[in-house]
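K.L.:
structure for the following, please:
(2 chains)
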Amino acid sequence: MEKAKKRQFGIIATIVLAAVIVLGLLWATTAAKKNEEHQDTLQRVQKLGRIVWGVKADTKLFGLMDTKTGVAKGFDVDIAKALTVQISKQTGVPMSAEFVPVSSSSKIQLLKNTNIDGTVSTMTITPEREKIIDFTNQYFDAGQSILVKKDSGIKSIKDMNDPKYKIIVIVGTTAAEETKKFAPKAKLIAVQDYATGMQALKAGQGQAMSTDNAILYGFATENPDYQIAGGTFTHGPYGIAFDNNQRPMVRETNKALAIIKENGTYNKLIKKWFSDVPGLDWHELEAK
Amino acid sequence: MTLLQNNFPTFLQGFGYTLLSSIIALIISMILGTFFAILQILPQKWVQKIGNVYVQVFRNIPLLIITFFFFLVVAKVIPMNGFTAGTIALSLYTSAFIAETVRAGILSVDNGQMEGARANGLSFSQSMRYIILPQAFKIALPSLGNQFINLVKNSSILAFVGGLDLMYQGNMVAATTFDTFSTYIIVALFYLVITLPLSYYMQNLERKLKHAA
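P.N.:
Reported below is the predicted structural model:
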């Protein structure tokens, strides 16, 4: 009796396992087919009536997850919303904006896998990135800076060109590469996200954190003991990104971007997010 | 393949750090694990409690949190880099599991062994060292092997705190080349280079000890 029961259990377990594997394979192949069918991003978003935007969840002022509501808030999020409204108007197809949190290291892969349609995520336009994804025109003018403790005596990135200094950067950001050029002797410590980076800076794991100025201003407003040192040392404007060969989608988005800059929506958003940042002349960021 | 060629020194450096961290953590966690296993079976109740609390604490907290604790909190008092913080966390975390494995090994040695040893005039620590522990380790060997392999794989936690290990270098290569998929396959292969010989060695050791008995 015992043996028979055991055997029965074994058979059932095997069947369940086999079914799971077969279903998994079926699901994967249909999912892959679906992706092939919807290669064109513009067609896909029109058909589904929604644009899925990848936004940051850990970057104050641009994309920060509101822990109470679970919704990301920030300049990037508002830009994506404004663009969705404008693109809907242009194409005549009503579309809603959906948001998926992405990290610096995951966003390109998510675009490639079509988990997201586009991304507005503090992403610097670079020639290397342009080879594998499509960028729109720039939507925000940024450059790299360093954040240091106020009494550290560090005045600029040049002061840090010494093996005794450690600079904290974030994996997958352009800052990780660029910092090497300006302070080749300093050691780099790359962590997974900005929040960990800031905590590591406070814990003394490095003397400075380096990334785009606008992101650092967000941290400086929250941590009064820290300041931006030496202004920006690179020029790296942000672009909105889509998977490569998405000309129609890029064209529509560029058109929408130009319109929201013209009709004042863009400047309203700049004022909303950057007018309270100490030490930042937000009028410089406005579209002329 | 070109991805591997272009970034070979990077991967190799990561491999070295992963190996180094694993070996250090393996030695520390074996010593700590055995120590706390013995604490838990000593006759004194309060000593047992200490061993028990240690094991429960480190076994039930995610490794990532222990690592961040050393990297972000302890580092404020005692400066340490990501590699050190990660290796310490890895050692403490693994030692809790090893303690459980060794304790189970000790408990499964027949009571008569201890009684016999004591009757022959050996002290408690002598009987532990010469009679009980060798048998306990033999029993615990297969699960110890599992713990070692877990340890090597768990060392990827170093990547989160800039520990320069294999996973960290993989992240960096993926971030600069954007070839995420191939990069992680290469990283996985490098891990296999450590874990496969390790599991083969453990199996061999088991077989040898079985014959020796």
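
K.L.:
so which helix or strand takes in the residue nearest the centre of chain A?
P.N.:
Residue closest to the average C-alpha location in chain A (Cα atoms, centre = their mean): A:Ser121, at 2.9 Å. Following DSSP states H and E, one finds A:Ser121 outside all helices and strands.

K.L.:
what about the closest residue to A:Leu285 other than its chain neighbours, how many neighbours?
P.N.:
Counting by Cβ to Cβ, 6 or more residues apart in numbering or on different chains, A:Leu285 lies nearest to A:Ile270, which is 5.0 Å off, once chain neighbours are set aside. Quick note: C-beta positions are derived from backbone N, CA and C, even for glycine. The burial count assigned to A:Ile270 is 20, neighbours taken as other Cβ atoms under 10 Å in any protein chain shown.

K.L.:
give me the pLDDT for A:Ile270.
P.N.:
Here, the pLDDT recorded for A:Ile270 equals 91.

K.L.:
what strand or helix carries it?
P.N.:
helix A:265-274.

K.L.:
give me the pLDDT for residue 85.
P.N.:
Using chain A. 94.

K.L.:
meant chain B actually
P.N.:
pLDDT, B:Ala85: 93.

K.L.:
host element of it?
P.N.:
Counting by DSSP H and E, B:Ala85 is part of helix B:82-107.

K.L.:
so after that helix, what's the next helix or strand?
P.N.:
Downstream of helix B:82-107 (by DSSP H and E), the next one is helix B:111-119.

K.L.:
now do the helices in the stretch 51-200 of chain A.
P.N.:
A:75-91, A:107-112, A:127-132, A:174-182, A:194-202 (DSSP state H, counting those that start in this stretch).

K.L.:
same deal with chain B?
P.N.:
Secondary structure of chain B, counting by DSSP state H: helices at B:2-6, B:8-41, B:45-60, B:63-68, B:75-77, B:82-107, B:111-119, B:124-127, B:133-154, B:166-177, B:180-212.

K.L.:
can the longest one be said to contact chain A?
P.N.:
It refers to helix B:8-41. No: for a cut-off given as Cβ under 8 Å from any Cβ of the partner chain, helix B:8-41 has no contacts with chain A; the smallest distance is 12.3 Å.

K.L.:
residues of that helix that come out buried?
P.N.:
By 16 or more other Cβ atoms under 10 Å in any protein chain shown, the buried positions in helix B:8-41 come out as B:10-11, B:13-15, B:17-19, B:21-22, B:24-26, B:28-30, B:32-41.

K.L.:
low-confidence ranges in the chain?
P.N.:
Picking chain A for this. A:1-2, A:29-38, A:278-280, A:288 (pLDDT under 70).

K.L.:
actually it's chain B I care about, not the one you picked
P.N.:
In chain B, residues with pLDDT under 70: B:1, B:212-213.

K.L.:
ok, back up a step: now tabulate the helices of the stretch 51-200 of chain A in a markdown table and tack on distance to chain B.
P.N.:
Shown next, in a markdown table, are those (distance: least, Cβ to the nearest Cβ, whole Å):
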| stretch | distance to chain B |
| --- | --- |
| helix A:75-91 | 20 |
| helix A:107-112 | 5 |
| helix A:127-132 | 5 |
| helix A:174-182 | 7 |
| helix A:194-202 | 5 |
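
K.L.:
tell me which residues touch A:Asp141, please.
P.N.:
By Cβ atoms under 8 Å, 6 or more residues apart in numbering or on different chains, the contact list for A:Asp141 reads A:237-238, A:285.

K.L.:
ok, and the most crowded of those residues?
P.N.:
A:Tyr238 (24 neighbours).

K.L.:
show the backbone phi and psi for that one.
P.N.:
phi -90, psi 150 (degrees, to the nearest 10).

K.L.:
just the one 4 residues further on next, same as before
P.N.:
Main-chain torsions, A:Phe242, degrees, to the nearest 10: phi -130, psi 170.

K.L.:
beta partners for it?
P.N.:
Beta-bridge partners recorded for A:Phe242 (DSSP bridges): A:Gly118, A:Asp134.

K.L.:
give the contact list for it.
P.N.:
Contacts of A:Phe242 (Cβ under 8 Å, 6+ apart): A:41, A:111, A:117-119, A:133-134, A:136, A:249-250, A:253.

K.L.:
correct me, but B:Thr101 touches B:Pro142?
P.N.:
No: contact criterion Cβ atoms under 8 Å: B:Thr101 and B:Pro142 do not qualify, at 9.4 Å.

K.L.:
name the nearest residue to B:Leu151, ignoring sequence neighbours.
P.N.:
B:Thr94 (4.8 Å).

K.L.:
revised request: answer the last question for B:Ala136.
P.N.:
That would be B:Gly105: by Cβ to Cβ, 6+ apart, it lies 3.6 Å from B:Ala136.

K.L.:
the one you found and chain A: what is the separation?
P.N.:
Taking Cβ to the nearest Cβ, to the nearest Å as the criterion, B:Gly105 is separated from chain A by 28 Å.

K.L.:
interface residues of chain B facing chain A?
P.N.:
B:68, B:71-73, B:75-76, B:79, B:81-82, B:159-162, B:168, B:171-172, B:174-176, B:178, B:180.

K.L.:
try 10 Å this time
P.N.:
B:68, B:70-77, B:79-82, B:85, B:159-164, B:168-169, B:171-172, B:174-181 (Cβ under 10 Å from any Cβ of the partner chain).

K.L.:
pull out the buried members of the residues you listed.
P.N.:
So, by 16+ other Cβ under 10 Å, the buried ones in those are B:68, B:70-72, B:74-75, B:80-82, B:85, B:159-164, B:168-169, B:171-172, B:174-180.

K.L.:
to A:Ile51, which of the helices of chain B lies closest?
P.N.:
Closest of the helices of chain B to A:Ile51 is helix B:180-212, at 23.5 Å (criterion: Cβ to Cβ).
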